[in-house]
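**Student:** Kindly generate the corresponding structure for this input.
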Amino acid sequence: MRLTVVGCSGSYPGPDSPASCYLLEAEHDGRTWRILLDLGSGALGALHRYADPLSIDAVLLSHLHADHCLDLAGYYVLRKYHPSGPQPRIPVWGPVGTADRMARAYDLPLDPGMHEEFDFREWDGPIEIGPFSVQPVAVDHPVPAYALRVAVDGVVVGYSGDTGPCAGLDLVASGADLMLAEASFREGDDNPPNLHLTGVDAGDLAAREGVRRLVLTHVPPWHDPQVALDEARGRYDGPAELARAGASYELHAAPQA
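**Tutor:** Numbering: from 1, shown residues only. The predicted model follows:
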């Protein structure tokens with residue numbers, strides 16, 4: 001499985017990156033399958049650098065804050081009006097109300113909204129998309145939100161979405177080959193509860209759950225990302241790094257003992 005960071009800026013696009021979007025690719029049945037984890041503000045334009053946007057097989061939304069979903073509005077335009085003609089519908093998974101949220105974002109009537117371009121589905125248990133097995137797990141955020149655990153042939157990527165520390169996040173991270181963990185807050189600040197992680201939280205999570213590689217993401221532009229990384233490395237002695245737009249990871253199953 002290949003993971004490419006399309007966008008990793010927290011809360012809004014930053015000077016070096018769009019907001020949240022991660023491209024996962026895997027070979028299956030003689031072709032490359034591609035899914036997106038989130039499609040946040042500014043991400044659609046950057047996606048063109050890494051894959052043909054018309055080659056995406058599904059979009060998986062962790063929650064409905066703008067920095068995780070709003071570029072689906074532009075993607076609707078691309079698929080509806082592309083010069084090659086209207087494109088086949090692709091599935092979009094998200095929390096309850098995703099279809100109506102996206103229609104309102106583009107000032108469309110709820111019927112048909114974007115239903116002619118996307119097959120909207122609500123998270124209600126594990127799903128399969130080609131080679132990808134995806135487990136959505138509810139996590140702690142002010143709106144309905146999910147962390148996602150994606151597996152292909154024994155390789156596991158965990159994605160926190162936005163969340164405070166919680167049991168659901170532990171489940172998604174457990175034994176992950178790579179964990180994309182948000183680190184929006186700094187330890188020691190007066191942080192509101194049940195909203196985001198600090199670097200310390202992410203490092204503790206990785207150490208506690210046996211993560212093989214930790215990638216910190218969703219650091220807002222107003223914070224120094226090195227602070228988040230230093231916090232995480234103080235609690236986790238495995239490989240840890242900052243997400244960077246354009247970074248790509250080739251992931252393989254751990255060798256058997």
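
**Student:** show me where the stretch 151-257 of the chain has strands.
**Tutor:** 155-159, 178-182, 214-217, 240-242, 248-250 (DSSP state E, counting those that start in this stretch).

**Student:** and those as a markdown table, adding mean neighbour count, distance to residue 100 and mean pLDDT?
**Tutor:** Quick note: C-beta positions are derived from backbone N, CA and C, even for glycine. Formatted as a markdown table, the strands of the stretch 151-257 of the chain follow (neighbours: other CB atoms under 10 Å; distance: least, CB to CB, whole Å; pLDDT from 0 to 100):
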| stretch | mean neighbour count | distance to residue 100 | mean pLDDT |
| --- | --- | --- | --- |
| strand 155-159 | 25 | 24 | 98 |
| strand 178-182 | 28 | 26 | 98 |
| strand 214-217 | 28 | 28 | 98 |
| strand 240-242 | 19 | 35 | 98 |
| strand 248-250 | 12 | 35 | 98 |
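
**Student:** need the ones you listed in a markdown table with distance to residue 45, can you?
**Tutor:** Listed next are those as a markdown table, based on distance: least, CB to CB, whole Å:
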| stretch | distance to residue 45 |
| --- | --- |
| strand 155-159 | 21 |
| strand 178-182 | 21 |
| strand 214-217 | 19 |
| strand 240-242 | 22 |
| strand 248-250 | 18 |
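
**Student:** do you know which of the ones you listed lies nearest residue 55?
**Tutor:** Nearest to residue 55, of all the strands of the stretch 151-257 of the chain, is strand 248-250, at 16.3 Å by CB to CB.

**Student:** In stretch 166-176, which residues are buried?
**Tutor:** Across stretch 166-176, burial judged by 16 or more other CB atoms under 10 Å covers 166, 168, 169, 170, 172, 173, 174, 176.

**Student:** for stretch 136-155, same thing?
**Tutor:** Applying 16+ other CB under 10 Å to stretch 136-155 flags 136-141, 144-152, 155 as buried.

**Student:** of all the residues you listed, which comes closest to residue 39?
**Tutor:** Closest to residue 39 out of those is residue 148 (13.4 Å), distances taken as CB to CB.

**Student:** Let me see the contact set for the residue most central in space within the chain.
**Tutor:** With distances taken as CA atoms, centre = their mean, the chain has residue 37 as the residue nearest its mean C-alpha position (3.6 Å). Going by CB atoms under 8 Å, 6 or more residues apart in numbering, residue 37 touches 20, 21, 22, 24, 60, 62, 148, 150, 159, 180.
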